[in-house]
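[1] what follows is a protein structure lacking sequence information:
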């Protein structure tokens, strides 16, 4: 039986999760040691691909996908190893690629997931960054597609793409499609609004193009909101810069058991995010808060852990169906297999 860790959330309903707090300097005393840099490293990269690593089984595939981009402009790949047990294997593979695009760092001690993500941002040399999780892959056109959207908009809006979920057997499980039918016109890009953010249209930020100065301005990822720290940051970036979705696949996501669903108070994390979002961006809409409270939190408080897990998965399926309906009605671009 998995032992669950109880997490205390510092912000409840009466205080916003979305206040700017600087977490970029939380681990200033921890050094990130440079392990690999090519003698002819890329100068003045336009985009930094950031790969935070901790015991990632698919790291080799992730790095190769980052190297095999059809992007015609200079870009770099920043890898930060957060004290993995297979650090020697990571270094060996990086040396084998011998790419001038790659720099590999290793933290002198483990600084946590969001701490490491912030360290990646800090070490990036480009003004724009895109995260690549070490168990995911970019498609060859990822940087080209998100950069072209950025150029078209000519501002610092966040650019997010679609993704494919791949099972352990290598087969495609879930896919975001563009719908090319007779009744509906498929947009290549659309602006994500308040409803889209509420239904998590921003995803987790992997393969998104984001402005490094904007990320620094909002203080980076807040580790206090694990496991929803990535969603909190993407919401803050949406509010600060705006956010657009391009209707192209930009990454392949490996199916894994999310640590978010293994935490005893997973329901609370979702509940407090939604309540804070409603309070901050919907003027504390009372009817909506009651719906969220009933379906996500209060019903689950009476359940034991196994029931909570089953009910959370059930709620997740309902939420995904509502998201699909939202995309279909508002954007007319999402088709679920």
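    Nice, thanks for sending it over. Everything numeric here is computed off the predicted structure, so don't read it as measured data.

[2] give me the domain ranges for this structure.
    Following automatic domain parsing, one finds the domains of the chain at 32-256, 262-337.

[3] next secondary structure after the helix or strand harbouring residue 89?
    Using DSSP states H and E, the element containing residue 89 is helix 87-97. Per DSSP H and E, helix 87-97 leads on to strand 102-107 as the next helix or strand towards the C-terminus.

[4] state the next helix or strand along the chain beyond that next one.
    Helices and strands here follow DSSP H and E; after strand 102-107, the next one along the chain is helix 113-123.

[5] what's the average pLDDT for that following helix?
    For helix 113-123, the mean pLDDT works out to 97.

[6] what about whichever helix or strand comes after it, distance to the chain center?
    Per DSSP H and E, the first helix or strand lying C-terminal to helix 113-123 is strand 128-131. Once both centres are worked out by C-alpha atoms, centre = their mean, to the nearest Å, strand 128-131 turns out to sit 11 Å from its chain's centre.

[7] please work out which of the domains of the chain is packed deepest.
    Most buried of the domains of the chain, by mean neighbour count (mean count of other C-beta atoms under 10 Å): domain 32-256, with a mean of 18. Every C-beta, even on glycine, is put in place using the N, C-alpha and C of the backbone.

[8] centre of the chain to that one, how far?
    7 Å.

[9] in this protein, where's the longest strand?
    Ordering each strand of the chain by length in residues (DSSP state E) puts strand 243-254 first.

[10] neighbouring strands of that strand in the sheet, and parallel or not?
    Under the criterion DSSP bridges, strand 243-254 sits next to strand 136-138 (antiparallel), strand 158-166 (parallel), strand 189-191 (antiparallel) in its sheet.

[11] could I get those in a markdown table, plus columns for mean pLDDT and distance to residue 26?
    Formatted as a markdown table, the strands paired with strand 243-254 follow (pLDDT from 0 to 100; distance: least, C-beta to C-beta, whole Å):
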| stretch | mean pLDDT | distance to residue 26 |
| --- | --- | --- |
| strand 136-138 | 95 | 25 |
| strand 158-166 | 89 | 23 |
| strand 189-191 | 87 | 33 |
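
[12] could you export these as JSON lines, including distance to residue 124?
    JSON lines is the format used below for the strands paired with strand 243-254 (distance: least, C-beta to C-beta, whole Å):
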{"stretch": "strand 136-138", "distance to residue 124": "16"}
{"stretch": "strand 158-166", "distance to residue 124": "16"}
{"stretch": "strand 189-191", "distance to residue 124": "25"}
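
[13] mind checking which of these is nearest residue 221?
    Taking C-beta to C-beta, strand 158-166 is the member of the strands paired with strand 243-254 nearest to residue 221, at 14.4 Å.
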